[in-house]
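Q: model this:
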Amino acid sequence: MRGARPILPRWVDIGLIPVANVVFALLVAGLIVLAIGENPLAAVRVMLVGALGDSEGIGYTLYYATNFIFTGLAVAVAFHAGLFNIGGEGQATLGGLGVGLALLAGDRHMPFAALLPLALLAGMGFGAAWAFVPAWLQAYRGSHIVITTIMFNFLAAALMVYLMVNVLIAPGSMSPESREFGAATLPQMHEVLAPLGVKLTATPLNLSVVLAAALCVFVWLLVWHTPFGFELRTTGHSATAAVYAGVRPRRIIMIAMCLSGAIAGCVGLNEIMGVHHRLLLNFTAGYGFTGIAVALMGRNHPVGIVLASLLFGILSQGGTELAFAMPAITRDMIVVIQGLVILFSGALPQLSRPGFEWLFAQLSRRAPALRSA
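A: Sure thing, here's the model as predicted:
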């Protein structure tokens, strides 16, 4: 009769297993790089230097990571309620629309101190509103949240195309973009830190990174240190048990999804107000979908999500540098490497678990003998 599977320490489950999965993904990617005639070790060096070698690379890495934190947290909040929110892309798109509309309406009439909270509330509000309908359909009509959120991604894209082409396009513009917002833009981090004596190269990194850090703390406190967080996690484990505990699952579903959409909508603040300074199409660039992998890799915990976001930020920025330094490794190859990380971390998260279980089983058998000796 086979023995019971050993219980792994939490630090192995949360820390070592995700790291091992990333190592497996990079090993497979290294074989692909080797197959096209390039040196995998040289490629890794170019990626790391490009992403972390100077203040410019670090700035771009943190800029990408900021968006991944927003979408990763959005997925995690819904996941703790037992909901798989695939709609981060659409919710981020509507969040950007809300930010853009707020700035287009008020940038010529309101001071920046009033525009910033208005844009933030509009972005989060539009993102929450876009998540409200799938949440209601799940809670009160039994529609599966995965299906409805995927559909709403396409609806968001179609809505943005219509608005940008027919309504919000700048007069005389040949591309579907709104006019610029003027001075209603988020300060860049190199501008914020310059008065403090910290000199950084100009990058798209802006004050949104501070909001991302604040949201990490907020989600940690909400999920693990409040009565609502207990209700959220109880509903996620078992809606039936939650009812016996006095929790209303429908209420939790609605709140969790709206909160998830609001956090995803913060991508619009980073991209529209912080980087592009105008409303345009396709500014989300797949951040909503990558956020799913970030949340899974980070075990839906803010600390893990930050680490996973930094990894994907390194892959995004380092991959750009790699494509310039080694032309044989194209941008498509970088997408393949990112896809391998997603595959091993998301689709095959337990790949390395049997090995760690065997190792700890062997250690547990040897421990009594070592103590008796």
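Q: Buried residues, the lengthiest helix in the chain. List them.
A: Scanning the chain for the helix with the most residues, using DSSP state H, yields helix 112-141. Buried positions in helix 112-141, judged by neighbour count with 16 or more other C-beta atoms under 10 Å: 115-116, 118-120, 122-131, 133-139. Quick note: C-beta positions are derived from backbone N, CA and C, even for glycine.
Q: for stretch 201-218, same thing?
A: Thr203, Pro204, Leu205, Asn206, Leu207, Ser208, Val209, Leu211, Ala212, Leu215, Cys216, Phe218.
Q: Would you agree Leu26 falls within a helix?
A: Yes - secondary structure of Leu26, determined by DSSP: H, G, I helix; E, B strand; the rest coil: located in a helix.
Q: Can you report how many residues lie near it?
A: 19 (other C-beta atoms under 10 Å).
Q: so how far is Val19 from it?
A: Per C-beta to C-beta, to the nearest Å, Leu26 is found 11 Å from Val19.
Q: and if you look at Pro327?
A: Distance from Pro327 to Val19, by C-beta to C-beta: 31 Å.
Q: more neighbours, those two?
A: Val19 (14 against 9).
Q: Could you say which helix or strand holds the more buried one?
A: helix 17-35 (DSSP states H and E).
Q: Find the residue ranges of the stretch 1-150 of the chain scoring beneath the pLDDT cut-off.
A: Where the stretch 1-150 of the chain drops to pLDDT under 70, the residues are 1-6.
Q: doesn't Val209 fall inside a strand?
A: No - read with three-state DSSP, Val209 is helix and lies in no strand.
Q: Among the buried residues of stretch 201-218, list the two that are farthest apart in space.
A: Thr203 and Phe218 (25.6 Å; C-beta to C-beta).
Q: Identify all contacting residues around the helix holding Val19.
A: Here helix 17-35 makes contact (C-beta atoms under 8 Å, 6 or more residues apart in numbering) with 8, 39-40, 43-44, 297-299, 304, 308, 311, 329, 333, 336-337, 340-341, 343-345, 348-353, 355-356.
Q: could you redo the last one with a cut-off of 7 Å?
A: 40, 43, 297, 311, 329, 336-337, 340-341, 343-345, 348-349, 351-353, 356 (C-beta atoms under 7 Å, 6 or more residues apart in numbering).
Q: cool, and stretch 227-247?
A: Contacts for stretch 227-247 (C-beta under 7 Å, 6+ apart): His80, Ala81, Gly82, Leu222, Val223, Pro249, Ile252, Ala256.
Q: Scan those residues and report the most crowded one.
A: Result: Ala81 is most packed of those (other C-beta under 10 Å), 28 neighbours.
Q: Go ahead and list the helix or strand containing the closest residue in space to that one that isn't next to it in sequence.
A: Nearest residue to Ala81, sequence neighbours excluded (C-beta to C-beta, 6 or more residues apart in numbering): Ala256, at 3.8 Å. Assigned by DSSP H and E, Ala256 belongs to helix 249-268.
Q: do the same with Thr234
A: Per DSSP H and E: helix 227-237 holds Thr234.
Q: Can I get that helix as CSV, trimmed to CA atoms?
A: Extracted C-alpha coordinates of helix 227-237, given in CSV (Å, rounded to 0.1, in the frame of the first residue of the first chain):
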residue,chain,number,x,y,z
PRO,A,227,-14.1,40.1,8.0
PHE,A,228,-14.9,40.6,4.4
GLY,A,229,-11.7,38.8,3.4
PHE,A,230,-12.8,35.8,5.5
GLU,A,231,-16.1,35.8,3.7
LEU,A,232,-14.4,36.1,0.4
ARG,A,233,-12.1,33.1,1.0
THR,A,234,-14.9,31.1,2.5
THR,A,235,-17.0,31.6,-0.6
GLY,A,236,-14.1,30.7,-2.7
HIS,A,237,-13.5,27.4,-0.9
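Q: okay, the angle between the longest helix of the chain and helix 249-268?
A: 140 degrees (axes from the mean of the first three to the mean of the last three C-alpha atoms, to 10 degrees).
Q: Can you name the element that comes right after helix 112-141?
A: helix 145-166.
Q: Please report how far Leu27 lies from Pro40.
A: For Leu27 relative to Pro40 (C-beta to C-beta), the value is 9 Å.
Q: counting contacts, what elements does the helix or strand hosting Val219 pack onto?
A: Following DSSP H and E, the helix or strand that holds Val219 is helix 208-225. Applying 3 or more C-beta pairs under 7 Å, 6 or more residues apart in numbering; DSSP states H and E, we find helix 208-225 packed against helix 55-80, helix 227-237, helix 302-325.
Q: Sweet, I'm off.
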